[in-house]
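>>> here's a sequence, model it:
(chains A and B)
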Amino acid sequence: MTRETLAETLEDIALLLELKGENPFKIRAYRMGAETVMQFPGDIVTRAREDDLKGIKGIGDALQQKLHELATTGKLEFYEKLRAEFPTGLFELFRIQGLGPKKIKALYDSLGVDSLARLKDLCHSGEVAALAGFGKKTAEKILEAIAFREFNAERFRLGDVVAPVEEILTSLKEHPDCLRAEVAGSYRRAKETVHDVDFLVATGNAVEIIEYFVSHSRVTSVIAKGPTKASVYLADGLQCDLRAVSNAEFACALAYFTGSKEHNVAMRGLALSRGYTLNEYRLAPREGSDSPEAPVFESEAQLHRFLGLDYIAPELRENTGEVEAAAEGALPRLIELENLRGTFHNHTVASDGRNTLGEMAAAAMEHGLQYLGIADHSKSSFQANGLDEKRLREQIAEIRELNRGYQSEGTKFRLFAGSEVDILKDGSLDFDDELLGELDYVVASVHNAMTMPEAEMTARLIKAVTHPKVTMLGHLTGRLLLERDPYAVDLPAVIEACAESGTVIELNCNPWRLDMDWRWWKYAVERGVKCAINPDAHRTTQLDYLWFGVRLARKGWLTRADVINTLDLAAMEEYLNLEPIR
DNA sequence: GCCGTTTTCGGCCCGACTGTTTTCAGTCG
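Below you'll find the predicted structure:
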């Protein structure tokens, strides 16, 4: 039983209850429950198995009982019975834009639609259009949406959308009628993947801005267009929405469209308790209340302050305790890109990188870094031209030579000699202790045998992170976003082992990885684990990945003190027990 | 189904757009 299974079951129940036309608040309770399970900072599966869920906000008596049953027996009678009422094919219909529970139920009840294939047939045959409440246009839209789903991904990696998003944002800002423009939504919250991108513009001429937006060169089709709102697709299938508001509404609108949905619900609840109602345009006295009028907010910070909160950074807005912490003045001071003084885990031409030691060092200096850790692959990663003992010793010597050069030039910069050592199948390392002892630091990572059972993988990782020569654990779960699932591993157990042995966990900044996942950092830090933000750069330009790493670190509530590579060179030398070379 | 500075019942966030309808239901975010 995994966290994901628990959450997915609750999500499925919510969908099935929607089909049955259940009380929408009950449905929301299941959704909230699923979200709570996914976000819970700790071992929720064990807690469920041991019936130890009391006091977790969003999980009441009924959900406690259901999660306990699911975790102990692997089944849930309530869910099985619900499932038996509808064919499983209905689930895929929910993925079609424009289809919700009511329409799906109508299609199923009157036409027996129980799969995408059947729905497609009946749209073509005209039977869908003839259905009450449907029409020709609806049938066409459904066919379009099915075709879209067949040809496009539903989610995009954050790193893959940055270029088009920033380009569109820049062009919006250039429009003479644009007073202010921002990207909101999950992009602004730094989710590792996004479904769509939300643009927000303050303007006195919404119609003009909307026209300008839908005719942007990157736009390939227009999904919807009204006087204040438009939705479009870009060439790669990315959906972009634009909302136009007045300048006075901009702050509330930005807060609203940044979300998350769950965060917004919490904020509105808070506003209500303060005697106000909050929507995407303004904060207004609640009907029947004697609260004074709220001012026009220039910024989100002013809105937050008015509600008695410290400013909540967008990355934190996932309803995982940020509203409560902001009310208590207990939000962390989040790390910023400028705090980084160096970074580890970078490759060179010696293994599978594209640039030399000298080029990587020069690029690091251009980024204002005082040190750069080199960690080329070890010999077992032959697919990546991993270094054997002889080549690694040569590289160590080359690094020492370069460092002497920086020293004689009076440049305050140092390369650290390291290795990304393969964690072998049995948890042992790819080099012997003697060679590891010659290195300045060691990153240990898994690159093969990723499909072993959870218990074995967990033991393998724990053996590696408790090895005295291992400084940090690289890309903990091996996931490739939208392509390869994380390997099965007991994360809390590995985090605990790292805490006990003082092993650092990497936040790998490669936009395909962003691993360890942001959802675990708060827990890891509470256990006393430190983070290293590492770009895993295979070429000089990939040092820019640090930007993603910092965004995701912020999302994990990390402060400067939680991240070791905020230490300056002298402090880092001390941390690694190295003699200064100056 | 959850929750409590409206506290064990009665609330629970709110508005834009679309299509099929003549005043609104459904969907989406």
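>>> pick out the residue of the stretch 201-350 of chain A closest to DNA strand B.
Proximity of the stretch 201-350 of chain A to DNA strand B (Cβ to the nearest atom of the strand) peaks at A:Gly226, 2.5 Å away. Placement of C-beta: from N, CA and C, glycine included.
>>> could you list the low-pLDDT ranges of chain A?
Residue ranges of chain A with pLDDT under 70: A:151-153, A:582.
>>> which residue is the nearest non-sequential neighbour of whatever residue of it ends up closest to DNA strand B?
When scored by Cβ to the nearest atom of the strand, chain A has A:Gly135 as its residue closest to DNA strand B, at 1.8 Å. Nearest in space to A:Gly135, with sequence neighbours left out and distances taken as Cβ to Cβ, 6 or more residues apart in numbering, is A:Ala129 at 5.8 Å.
>>> what helix or strand does the one you found sit in?
helix A:127-130 (DSSP states H and E).
>>> what is the neighbour count of the residue lying closest to A:His195 once chain neighbours are set aside?
Closest residue to A:His195 apart from its sequence neighbours, by Cβ to Cβ, 6+ apart: A:Arg155 at 5.5 Å. Other residues near A:Arg155 come to 15 when the count uses other Cβ atoms under 10 Å.
>>> and for A:Lys26?
Per other Cβ under 10 Å, the neighbour tally for A:Lys26 reads 12.
>>> with the one 5 residues further on instead?
Taking other Cβ under 10 Å as the criterion, the count of residues near A:Arg31 is 20.
>>> please name the nearest non-neighbouring residue to the residue of the stretch 201-350 of chain A closest to DNA strand B.
Closest to A:Gly226 by Cβ to Cβ, 6+ apart is A:Ile210, at 7.7 Å.
>>> got a list of what the one you found touches?
A:Ile210 is in contact with A:225-230, A:242, A:244, counting by Cβ atoms under 8 Å, 6 or more residues apart in numbering.
>>> who wins on neighbours among the residues you listed?
Result: A:Ala244 is most packed of the contacts of A:Ile210 (other Cβ under 10 Å), 28 neighbours.
>>> would you map the strands across the stretch 351-500 of chain A?
Using DSSP state E, counting those that start in this stretch, the strands of the stretch 351-500 of chain A run over A:371-374, A:414-417, A:420-422, A:443-445, A:472-473.
>>> so what are the sheet partners of the shortest one and their directions?
Paired neighbours of strand A:472-473 in the sheet (DSSP bridges): strand A:443-445 (parallel), strand A:504-508 (parallel).
>>> between the ones you listed, which one is closest to A:Asp236.
Of all the strands paired with strand A:472-473, strand A:504-508 sits nearest to A:Asp236, with 24.4 Å by Cβ to Cβ.
>>> tell me how far A:Leu15 lies from A:Ile104.
9 Å (Cβ to Cβ, to the nearest Å).
>>> ugh, wrong one, A:Gln542
To A:Ile104, A:Gln542 is 44 Å away according to Cβ to Cβ.
>>> swap in A:Asp241?
Noted for A:Asp241: a distance of 24 Å to A:Ile104, by Cβ to Cβ.
>>> which of these two has more residues huddled nearby?
With neighbours defined as other Cβ under 10 Å, A:Asp241 and A:Ile104 compare such that A:Ile104 has more, 22 against 19.
>>> next up, the contacts around A:Ser110.
A:Leu131.
>>> repeat the analysis, applying 10 Å as the threshold.
A:127-128, A:130-134 (Cβ atoms under 10 Å, 6 or more residues apart in numbering).
>>> mind listing what A:Ala294 touches?
A:Ala294 neighbours (Cβ under 10 Å, 6+ apart): A:252, A:271, A:274-276, A:278, A:282-285, A:302-303, A:306-307.
>>> give me the buried entries from those.
Among the contacts of A:Ala294, those scoring as buried are A:252, A:271, A:274, A:276, A:278, A:282-284, A:303, A:307 (criterion: 16 or more other Cβ atoms under 10 Å).
>>> looking at the contacts of A:Ile210, which are in strands?
Counted as lying in strands by DSSP state E, out of the contacts of A:Ile210, are A:225, A:229-230, A:242, A:244.
>>> which of these lies closest to A:Met452?
A:Leu242 (47.1 Å).
>>> hmm, the closest one is touching A:Ile223, no?
No: in this structure, A:Leu242 is not within contact of A:Ile223 by Cβ atoms under 10 Å, at 11.3 Å.
>>> between these two, what contacts are shared?
Counting by Cβ under 10 Å, 6+ apart, the common neighbours of A:Leu242 and A:Ile223 are A:214, A:230-232.
>>> farthest-apart pair in the residues you listed, please.
Greatest spatial distance among the shared contacts of A:Leu242 and A:Ile223 (Cβ to Cβ): A:Val214 and A:Ser231, at 9.1 Å.
>>> just to revisit the earlier point, dump the strands of the stretch 351-500 of chain A to a markdown table, plus mean neighbour count and distance to A:Gly58.
Converted to a markdown table, those look like this (neighbours: other Cβ atoms under 10 Å; distance: least, Cβ to Cβ, whole Å):
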| stretch | mean neighbour count | distance to A:Gly58 |
| --- | --- | --- |
| strand A:371-374 | 27 | 41 |
| strand A:414-417 | 24 | 44 |
| strand A:420-422 | 28 | 40 |
| strand A:443-445 | 26 | 36 |
| strand A:472-473 | 26 | 31 |
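>>> what's the closest of the ones you listed to A:Glu50?
Closest among these, using Cβ to Cβ: strand A:472-473, at 27.7 Å.
>>> got the buried residues for stretch A:311-327?
A:312-323, A:325-326.
>>> among those residues, which are in helices?
Using DSSP state H, A:322-323, A:325-326 are the members of the buried residues of stretch A:311-327 that sit in helices.
>>> contacts for the helix or strand just after the helix holding A:Ala129, please.
Downstream of helix A:127-130, the next assigned helix or strand under DSSP H and E is helix A:136-151. Residues outside helix A:136-151 that contact it (Cβ under 10 Å, 6+ apart): A:92-93, A:95-99, A:103, A:107, A:116-117, A:119-120, A:122-131, A:134-135, A:154, A:221, A:223, A:233, A:237, A:239.
>>> which residues does the residue of chain A closest to DNA strand B contact?
Going by Cβ under 10 Å, 6+ apart, the list of residues near A:Gly135 reads A:128-129, A:141.
>>> hang on, the earlier thing: tell me the one among the ones in helices among the buried residues of stretch A:311-327 nearest to A:Tyr575.
A:Ala325 (29.1 Å).
>>> so what's that closest one closest to, chain neighbours aside?
Of all residues not flanking A:Ala325 in the chain, A:Leu331 sits nearest, at 4.8 Å (Cβ to Cβ, 6+ apart).
>>> gap between the one you found and A:Thr458?
33 Å.
>>> point out the residues in the stretch 301-450 of chain A that sit beside DNA strand B.
Applying Cβ under 7 Å from any atom of the strand, we find that the stretch 301-450 of chain A lies next to DNA strand B at no residue.
>>> buried residues in stretch A:346-353?
Result for stretch A:346-353 [16+ other Cβ under 10 Å]: buried residues A:346-351, A:353.
>>> shouldn't A:Asp435 be in contact with A:Arg391?
Slight slip there: residue A:435 is Leu, not Asp. No: with contact defined as Cβ under 10 Å, A:Leu435 does not count as touching A:Arg391 (11.4 Å).
>>> tell me which of the two has more neighbours.
Between A:Leu435 and A:Arg391, counting by other Cβ under 10 Å, A:Leu435 is the more crowded of the two (19 against 15).
>>> for that one, which non-adjacent residue is closest in space?
A:Glu389 (5.7 Å).
>>> for the one you found, list the residues it contacts.
In this structure, A:Glu389 makes contact with A:378-379, A:430-432, A:434-435, A:438, judged by Cβ under 10 Å, 6+ apart.
>>> could you flag which of those are buried?
A:378-379, A:430-431, A:435.
>>> now compare these and name the two farthest from each other.
Across the buried ones among the contacts of A:Glu389, the longest distance by Cβ to Cβ is 10.6 Å; it joins A:Lys379 and A:Leu435.
>>> look up how far A:Lys261 lies from A:Glu249.
Distance of A:Glu249 to A:Lys261, given as Cβ to Cβ: 19 Å.
>>> on that earlier part again, by neighbour count, which of the contacts of A:Gly135 wins?
Busiest of these [other Cβ under 10 Å] is A:Val128, holding 26 neighbours.
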